[in-house]
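Undergrad: Structural data only, the sequence is not supplied:
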């Protein structure tokens, strides 16, 4: 059985989309060497939400267009979503959506691409891994990676180091306006 992985590119200040659910800011970033290929090979199914689907209805953009697998969109109203080839619209509890997605992933990982679904899965203890790629941008506002005011902290263990409690060291320099490309 594969893992349930929250998978996001995120601004340094914690947003996965701008105030209009846009992700155009990612056009100014680059993925690490072989990063998309690694995740594409590990992932057998994607689970997202309706809002994300409406903003980005082309599953071919996942993992640099190399993703081959099942795509599931969780929505309260699947009856009013235009059907799309290769997409299954679900109206069920998030735990059931995970069960369906993992079964479809056929031993590979289920990548969750919705912060709202991700928050619910974290609250229920249904997340195995969180993969976050920090983009060199400050958005100031938008859709947060994890937004749950008043909730208890969720402590994490790093997977890419001998010290699972270590902080991540990230250093950036602000780009002056005259050097920012459109």
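TA: Sure thing, it's come through. Because the structure is predicted, anything quoted here is derived from the model rather than measured.
Undergrad: Quick one: neighbours of the nearest residue to residue 146 once chain neighbours are set aside, just the number.
TA: Leaving aside its chain neighbours, residue 146 sits nearest to residue 119 (6.1 Å; criterion: C-beta to C-beta, 6 or more residues apart in numbering). Glycine gets a C-beta too; all of them are placed from N, C-alpha and C. When neighbours are defined as other C-beta atoms under 10 Å, residue 119 has 20 of them.
Undergrad: Tell me how far residue 159 lies from residue 16.
TA: Using C-beta to C-beta, to the nearest Å, residue 159 is found at 20 Å from residue 16.
Undergrad: Report the distance from the host helix or strand of the residue nearest to residue 146 to the chain centre.
TA: Using DSSP states H and E, residue 119 falls within helix 115-123. Mean-position distance between helix 115-123 and its chain equals 11 Å (C-alpha atoms, centre = their mean, to the nearest Å).
Undergrad: elements contacting that helix?
TA: strand 4-11, strand 43-49, helix 94-105 (3 or more C-beta pairs under 8 Å, 6 or more residues apart in numbering; DSSP states H and E).
Undergrad: Compare residue 159 and residue 16 (neighbour count), which wins?
TA: Neighbours per residue (other C-beta under 10 Å) separate residue 159 from residue 16, with residue 16 holding more: 25 against 9.
Undergrad: Quick check: phi and psi on that one?
TA: With angles defined as degrees, to the nearest 10, residue 16 sits at phi -100, psi -10.
Undergrad: List the residues that contact it.
TA: Residues near residue 16 by C-beta atoms under 8 Å, 6 or more residues apart in numbering: 8-10, 23, 115, 142-145.
Undergrad: Drop anything exposed from these.
TA: By neighbour count, with 16 or more other C-beta atoms under 10 Å, the contacts of residue 16 hold 8-10, 23, 115, 142-145 as buried.
Undergrad: so can I have CSV of the helices and strands packed on helix 115-123 showing distance to residue 31?
TA: Conversion of the helices and strands packed on helix 115-123 to CSV gives the following (distance: least, C-beta to C-beta, whole Å):
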stretch, distance to residue 31
strand 4-11, 8
strand 43-49, 14
helix 94-105, 22
